[in-house]
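**Student:** Task: produce atomic coordinates for the following.
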Amino acid sequence: MKRFVATVSAIGLLSMAGCTSSKELNEKSARALLKDLYAKVHYPISVSMVAPLMTRVPVSYGSLVDTLQEKNVKENVAVYIVKRLLDAKLVTEKVDTIMYPNIRGKFRSDNRYDFDEYDLSMVPNSNRITGVRNQQCQSCSNQHQSNVTGQVDEGGLVTLPNGRFRYKEDGAMAYLMDTDRFNVTNYKGSVGGPMVGMKWYTYSLSPELKAQIEKTQVSTFGGFGTATEDTWSGGGYDIGDVSDLQLGITPTMASASFAWTASLNKIGKIFYQSDVPTGKGRVTFVRKPDETWVIKDWCVAGCAF
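**Tutor:** Sure, this is the predicted structure:
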């Protein structure tokens, strides 16, 4: 499965006091310092990876996943993750049936000089409207016809290309009442029939998952600067080989690269399954007056040093 990469990369600027130190700095001791540091660091997963999907949609995510699987879409896209969170009861699904007016037929404007008429119908199993608009000005020889699309909400507010209208019924007659305060054009037609129902699926994070959101300092674009982002702990880090260890501009500074692999917890496994994130980070060291080396700066991705 193609990796779905988190957009968050943890960074750090640690006080030298209280950090594990080493008298000698080599690849082995550098790795030991990093392992001690990352024992306290969470692998962050950005809440923004699934937050946009926590909304009301006309098709269930379960159905969308079935469609993706039928089309052999294997990428670990967000809808797959939400479905796994749903199965783990970390996301909730609420199903409602909303009733909408059955807007159907021809609606003629009340403009006494120009001809302006909609011929509309509801798209089955939706609150969308489709149709054509016929227009002809008083001094025009030809009639203009255009395809139109729109929608109606549960309160009867109709949105069409030329504005928003309040739908009203009076006996067998129906009206699209213009909400424009300065250039009002109303339309009159006939009631299209009984109201039509449509299912909506509303998704939200469970209380358990909300409670696990934490603030994480992350690197901004290009690795310069930091920002605070809402994340979940996806587990920890397993530190691999340290390489490219070299002194800095003074004998009391050094830097190196290191390999890492995410050690996924329950939430991390839901997001990544067997496609475990890996990467290469950077670390800088300083030597204290007592000649012990400690970690100064570290990052796992998008490093600016």
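
**Student:** What segments of the stretch 1-150 of the chain are helices?
**Tutor:** Using DSSP state H, counting those that start in this stretch, the helices of the stretch 1-150 of the chain run over residues 27-38, 61-70, 78-87.

**Student:** what about stretch 50-70, distance to the chain center?
**Tutor:** 12 Å (CA atoms, centre = their mean, to the nearest Å).

**Student:** Next, the distance between the ends of it.
**Tutor:** By CA to CA, to the nearest Å, the extent of stretch 50-70 from end to end equals 22 Å.

**Student:** follow-up on the earlier one: can you say which of the helices of the stretch 1-150 of the chain is nearest to residue 115?
**Tutor:** Smallest distance to residue 115 across those (CB to CB): 43.3 Å, for helix 61-70. All C-beta spots, glycine's among them, are computed from the backbone N, C-alpha and C.

**Student:** Now do the buried residues in that closest one.
**Tutor:** Going by neighbour count (16 or more other CB atoms under 10 Å), the buried part of helix 61-70 is 61, 64, 65, 68.

**Student:** number of nearby residues for the closest residue to residue 121 other than its chain neighbours?
**Tutor:** Using CB to CB, 6 or more residues apart in numbering and skipping the chain neighbours, the partner closest in space to residue 121 is residue 104 (5.0 Å). Neighbour count of residue 104, defined by other CB atoms under 10 Å: 19.

**Student:** Break the protein into its domains for me.
**Tutor:** Per automatic domain parsing, the structural domains of the chain span 11-92+206-299, 102-194.

**Student:** Can you tell me which of these has the worst average pLDDT?
**Tutor:** Lowest mean pLDDT within the domains of the chain: domain 11-92+206-299, a mean of 89.

**Student:** Turn the buried residues of helix 61-70 into TSV, columns for distance to residue 284.
**Tutor:** Listed next are these as TSV, based on distance: CB to CB, whole Å:
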residue	distance to residue 284
61	44
64	45
65	44
68	44
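
**Student:** contacting residues around residue 264?
**Tutor:** Applying CB atoms under 8 Å, 6 or more residues apart in numbering, we find residue 264 in contact with 43, 234, 235, 272, 276.

**Student:** coming back round to it: verify the stated contact: the residue nearest to residue 121 with residue 120.
**Tutor:** Yes. Residue 104 lies in contact with residue 120 (CB atoms under 8 Å); the separation is 6.4 Å.
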